[in-house]
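In: Below are the sequence and a predicted model for it; my questions follow.
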Amino acid sequence: MKKIRIGVVFGGRSSEHLVSIRSAASVFANLSRDRYDPVALYILPQGRWIVPDRQPAAQSEAEAKEYMKEQEARQLRTEREAHLVAYPNGHQALLTIERRLPDGESDHDTTVDSAVVHGMHLDVVFPVLHGPFGEDGTVQGLLELANLPYVGAGVLASSVGMDKAVMKTLFAARGLPTAAYVVIKRRDWLTDRERVIADLMQRFALPVFVKPANLGSSVGISKAKDRAGLEHALDLAAQYDRKLVIEAAVPNAREIEVAVLGNDRPEASVPGEIIPSREFYDYEAKYLDEGTTLKIPAALSPEQTAEVRRLAVEAFLAVDAAGLGRIDFLLDGKSGEWFVSEINTIPGFTTISMYPKLWEATGLRYAALIDGLIDLAIERHAEKQDFRTTVS
C-alpha cells in the first residue's frame, strides 16, 4: 500500500516555539513508518520555513532549545528552504530550495552561489504549531489556498480559538456558561491607566485573572489580588497582545479538561483534572515544574462527568472546530457550577500532554489517535472537494 506523505509543520513565530518542538517530536516518534512517509517542516523563530537536517526528538525544554539553536546555526552556511505553493497545483504543493552562500558570507540577503529547486507532493499536513502564526488561522489559510488536507480546525475556528475575547462571545451565543469578563485595548491601558484601573476595580471584586487575548500555554497570564498586582498583570499582558481579557476568578476553582475528537459529530473523552504545583496553571506549572499532577479520570460524579462532556462538545461546535480540541473548564468548588474557560484547537501534543493522555484513558492510544486525526483531515478535505467554486 502506498504510504501517505505527511508534512509535519512545527516551531513557528511564537513564544510557544519550544513547546511545539516537543509536541512534534512525539508525533514523529509515533507515526507508523509502514503507513506514513513523514516530512519535517520547521519554522524558525524568525519565520523562515526550512527542511531540517533531522527530525526533532526533544523531550525536555532544554533539548528543544538545543534543537532550535542547532538548526539556526546550520542556516548560516547552507539552507534548504521550504515553500508551500499557495494555489491548488496538485502534485507540487511543496517547493524546497537548496541554497549555498558564498564563502565567508553569513547574510541571507546576499547573492547565493547556487540554488536548486525541487517539487514535492504532500498528501496531508499536520500543523503542530502552538500560538500566533500557526494556531490562529494564518497557516490554515495558506493550506486552504494550497488545497491541501490538514489536521485540525479550519481558518475560522483556529482564529476564534486563539482570540479569547471573540471565543467567549460565541460561547455566550451558544448558551454556554462563562465567568464574568471584560476586554480592554492595550492602547487604552497605556494612555489612560488610572481610568482603566478605576473601572476594573468598580466592576470586579479581586482577585481577577488578566490574559492576553491571543496566546496559549498560559503565557502572559497573571492572577491579580490587589491594585498593584492588577497594574503589573496588565503591563505583562500588554507585552503580548493588543487586547487584554480580565476575568473574574471562580471561587475554589477546580481545573477540569476534556479532549474532543471528530468533525461534524465530535466525541468527548473522559475528563481530567489539573492539580497545579502553583496557585494556578501557568506556563511554569505546565512545562517546567514537576509538582503539577494530572488526575485522569477526574474525581467527579457520573452526573458531573456527563455534563462536562456535553459542554465540551457544545464548545467545540460553537466555534465550528474540526479534528481536535481541548476544552478547559473551571468548576466552582462550592456551588458545583461549570464555567467554560477556553478551547485549544492545537493543544499540547507530547505523549505526556493532557490531550493524548485523556484519549488514552478513554481507550485510544497515542499512535491510533494520530491515525484518527489524519483520517479526519482527509475526510474533511474530500468533502470540500465536492463544493462548487463557480456559478456555472
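Out: Looks like it came in fine.
In: Would you mind measuring the gap between the ends of stretch 182-200?
Out: 9 Å (C-alpha to C-alpha, to the nearest Å).
In: ugh, typo on my part, it should be stretch 219-234
Out: By C-alpha to C-alpha, the extent of stretch 219-234 from end to end equals 13 Å.
In: avg pLDDT for that stretch?
Out: On average, the pLDDT along stretch 219-234 is 94.
In: and if you look at stretch 337-344?
Out: Stretch 337-344 comes out at a mean pLDDT of 96.
In: Check stretch 385-392 too.
Out: 84.
In: mind exporting it as CSV, just the C-alpha atoms?
Out: What follows is stretch 385-392, C-alpha atoms only, in CSV (Å, rounded to 0.1, in the frame of the first residue of the first chain):
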residue,chain,number,x,y,z
GLN,A,385,-13.7,19.0,-3.0
ASP,A,386,-17.4,18.4,-3.7
PHE,A,387,-18.2,22.1,-3.3
ARG,A,388,-18.7,24.3,-6.4
THR,A,389,-16.3,27.1,-6.9
THR,A,390,-18.0,28.6,-10.0
VAL,A,391,-21.6,29.7,-10.7
SER,A,392,-21.9,27.9,-14.0
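In: what's that stretch in contact with?
Out: Residues from elsewhere that reach stretch 385-392, judged by C-beta atoms under 8 Å, 6 or more residues apart in numbering: none at all. Where C-beta positions appear, they are placed from N, C-alpha and C, glycine not excepted.
In: how about that stretch: buried residues?
Out: Of all the residues in stretch 385-392, not one is buried under the rule 16 or more other C-beta atoms under 10 Å.
In: distance between that stretch and the chain's centre?
Out: 31 Å (C-alpha atoms, centre = their mean, to the nearest Å).
In: Helix, strand or coil: sort out D37 for me.
Out: The local conformation at D37, judged by DSSP: H, G, I helix; E, B strand; the rest coil, is strand.
In: tell me the contacts of it?
Out: 3-6.
In: got it, and A29?
Out: 57, 351.
In: Do you know the pLDDT at it?
Out: So, for A29, pLDDT stands at 96.
In: where do the strands sit along the stretch 1-150 of the chain?
Out: 4-11, 36-43, 49-50, 78-84, 94-100, 114-120, 124-128 (DSSP state E, counting those that start in this stretch).
In: I'd like to know which elements the fifth one is packed against.
Out: It stands for strand 94-100. Applying 3 or more C-beta pairs under 8 Å, 6 or more residues apart in numbering; DSSP states H and E, we find strand 94-100 packed against strand 78-84, strand 114-120.
In: same check, this time on the third one
Out: Under the contact criterion of 3+ C-beta pairs under 8 Å, 6+ apart, the helices and strands touching strand 49-50 comprise strand 36-43, strand 78-84.
In: so how far is the longest one from its chain's centroid?
Out: Its chain's C-alpha centre lies 18 Å from the corresponding centre of strand 36-43 when counted by C-alpha atoms, centre = their mean.
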